[in-house]
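Asker: pasting the sequence and the predicted model now:
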Amino acid sequence: MSTSGVVHVRCATCGAQSEQVAIRSASAFDEPDLDFRPSEMLRSTMGMWLMRCPHCGYVVDDIHKRPRLRRRELWALYERADDALPELAHMFHQRALHCERIRDKSGAIRAYLCAAWVCDDAGDNMGAKRMRTACVMLVKRRMKRCGRRKWRLCTQLLADLLRRTGNIQALRAMNTDDRRLDFATRELLVFQKALAEKDDFAAHCRDEIDLESYDDFFEKKTSVAHDPSLALAECLKQAVLIDDDIRAKALDALDELRPREMNRPYHEYDGVLLLHRGLPIDEEYPFRTKELAQAANEEFLDMLESHVVSSSTLREKVTLQNEICMAMLYQIYTSPYLPVELKNYASAQKRLYVMCMDDLFTDDSSRIGFVEPQG
Ligand SMILES: [Zn+2]
């Protein structure tokens with residue numbers, strides 16, 4: 001149950017008295033969300049978490065508390081709050097800016113989160129993203145100076161903020177082997193990474209995973225779940241290798257890790273290589289890259305690019321894997337089917353070159369289009 005009542009409070013900023021609604025009691029019965037947003041009933045009381053003085057506009061959890069800031073400075077700060085946000089979110093943003101100024105990092109983090117939650121409820125996705133992005137900076141700073149327990153909570157929060165703002169690269173980079181992680185934090189981190197790889201940026205609840213660190217009274221569990229980011233990175237590497245069997249296994253694993261549509265370039269690449277099997281690589285026998293060029297994206301091009309070597313590399317040191325990737329990239333970069341936004345990808349057009357390969361046993365020489373490494 002949550003109960004509330006009307007109270008009369010004198011504003012610490014302007015001295016005027018006003019009626020405010022305050023929560024007397026509220027409980028949360030279930031597990032919170034991954035970003036610690038409380039469950040019902042507490043969740044529905046968010047409108048009462050702040051007071052606003054109707055006379056001067058001072059916003060704080062209790063307007064009887066002093067702002068620890070000059071009035072003029074406070075109003076100037078309030079001016080900077082995002083007025084495109086829903087009204088309650090705007091109030092939380094004002095509070096967040098105030099907390100930031102008086103170096104109350106925890107207060108600011110909390111206020112930004114509240115603002116994001118109000119935006120979530122109102123369907124204001126852009127507003128929610130702005131509030132979470134501001135929160136990320138603060139959480140990172142908070143993590144530099146805090147005890148082990150706080151650090152873990154911040155890690156859990158940061159993982160959710162990064163996923164909810166679509167900041168996948170940064171989430172992938174969070175280290176699941178960090179010795180400071182306890183069972184629950186590591187499990188949460190792995191869970192967040194798996195959600196992100198599945199393109200899931202929605203709110204999730206802590207009760208979706210078993211975070212109990214003890215099986216029974218004596219047996220402490222250790223988190224051994226595989227880090228999906230590491231698994232993904234490994235599968236992506238293998239999915240562009242020229243060994244058919246390794247590639248097939250990697251493709252299956254990739255489809256387990258994330259929606260098949262995201263793996264389309266790798267499936268197309270596989271198809272091109274299988275079709276080309278037994279044929280030489282030269283301009284007479286180009287790879288069939290129409291669908292591949294259409295499906296290409298930066299992630300896939302980067303995987304191929306990792307096999308590019310410079311034209312001055314000793315001929316004996318250039319592997320078939322290098323040649324195939326360089327020739328494939330040449331064809332993709334010169335393909336009319338490459339999406340417009342990738343046309344100038346890493347200034348590919350400037351890096352194209354053609355090489356003549358002499359066949360020692362005949363008078364023939366074949367021409368192959370290659371790319372130079374990125375500068
Ligand atoms: Zn006031």
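Answerer: Looks like it arrived, so ask away. Residues are numbered from 1 along each chain as shown.
Asker: which residue packs closest to the residue of the stretch 101-250 of the chain found nearest the ion, ignoring adjacent ones?
Answerer: Relative to the ion, the nearest point of the stretch 101-250 of the chain is Ile102 (17.6 Å; Cβ to the ion). In this view, the C-beta of every residue, glycine as well, is placed from N, C-alpha and C. Counting by Cβ to Cβ, 6 or more residues apart in numbering, Ile102 lies nearest to Arg68, which is 5.1 Å off, once chain neighbours are set aside.
Asker: what's the spacing between the one you found and Arg110?
Answerer: 17 Å (Cβ to Cβ, to the nearest Å).
Asker: of those two, who's got more company?
Answerer: Under the criterion of other Cβ atoms under 10 Å, the comparison of Arg68 against Arg110 puts Arg110 first, with 20 against 12.
Asker: element containing Cys56?
Answerer: Taking DSSP states H and E as the definition, Cys56 sits outside all helices and strands.
Asker: Cys356 too?
Answerer: Cys356 is located in strand 352-358, with elements delineated by DSSP H and E.
Asker: for Ile23, pull up the helix or strand it's in.
Answerer: With DSSP H and E as the criterion, the answer for Ile23 is strand 17-25.
Asker: which strands or helices does that strand pack on?
Answerer: If you count contacts as 3 or more Cβ pairs under 8 Å, 6 or more residues apart in numbering; DSSP states H and E, strand 17-25 packs onto strand 3-10.
Asker: parallel or antiparallel, list what pairs with the strand it packs on.
Answerer: Using DSSP bridges, the strands paired with strand 3-10 are strand 17-25 (antiparallel).
Asker: give me the contacts around the partner strand.
Answerer: The contact list for strand 17-25, computed with Cβ atoms under 8 Å, 6 or more residues apart in numbering, reads 1-11, 45, 48-49, 51, 53-55, 63.
Asker: list the buried residues for that strand?
Answerer: Neighbour-count burial for strand 17-25 flags 18, 20 (criterion: 16 or more other Cβ atoms under 10 Å).
Asker: C-terminal to the lengthiest helix in the chain, what's the next element?
Answerer: Secondary structure of the chain per DSSP state H: the longest helix is helix 125-144. Helices and strands here follow DSSP H and E; after helix 125-144, the next one along the chain is helix 148-164.
Asker: which elements pack onto whichever helix or strand comes after that next one?
Answerer: Downstream of helix 148-164, the next assigned helix or strand under DSSP H and E is helix 168-172. Counting contacts by 3+ Cβ pairs under 8 Å, 6+ apart, helix 168-172 packs against helix 148-164, helix 183-197, helix 228-239.
Asker: hmm, try it at 7 Å
Answerer: Using 3 or more Cβ pairs under 7 Å, 6 or more residues apart in numbering; DSSP states H and E as the contact criterion, the elements in contact with helix 168-172 are helix 148-164, helix 183-197.
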